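Visitor: make a model of this:
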Amino acid sequence: MFIFCVNPANNAGYHSEMRKLFETIRNLVEKRYRIRDTQQEKNRELPWQSVSAFCFLRFIVPAILHPHLFGLCPGIHVSHEDQHAV
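Guide: Just a heads-up that it's a prediction; the model follows:
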């Protein structure tokens, strides 16, 4: 979520969209696994863990694997000849 909070003036619409997305994920997990307040403490955390896992897999992992695509570091320039050699 910190990615969308950098410049709130440009990203005002993202906040509500992201909240809706996270709420949908949480509700789907609750519905699928029938999570209720009276169940074990371990199971009550499952919807929130699912939202956290989604954020990690959707935003953090791609940035770790391909940081140049997100402007986090310069990419390696591969010449046309080198590309064909591979």
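Visitor: which secondary structure elements does the top helix by length along the chain contact?
Guide: Counting by DSSP state H, the longest helix found in the chain is helix 12-33. Helix 12-33 is packed against helix 46-55, with contacts defined by 3 or more C-beta pairs under 8 Å, 6 or more residues apart in numbering; DSSP states H and E. Bear in mind the C-beta positions are built from the backbone N, C-alpha and C, glycine included.
Visitor: got the buried residues for the helix it packs on?
Guide: Of the residues in helix 46-55, Pro47, Ser50, Val51, Cys55 count as buried by neighbour count, 16 or more other C-beta atoms under 10 Å.
Visitor: closest to Glu23 among the residues you listed?
Guide: Closest approach to Glu23 among the buried residues of helix 46-55 (C-beta to C-beta): Val51, at 8.7 Å.
Visitor: output the lowest mean pLDDT helix or strand found in this structure.
Guide: One helix or strand of the chain scores below all others by mean pLDDT, DSSP states H and E: helix 80-85, with a mean of 63.
Visitor: for the chain, give me the ranges with low pLDDT.
Guide: Within the chain, the stretches with pLDDT under 70 are 1-14, 35-42, 77-86.
Visitor: still on that earlier bit, quick check, nearest of the buried residues of helix 46-55 to Met18?
Guide: Ranked by distance to Met18 (C-beta to C-beta), the buried residues of helix 46-55 are led by Cys55 at 9.2 Å.
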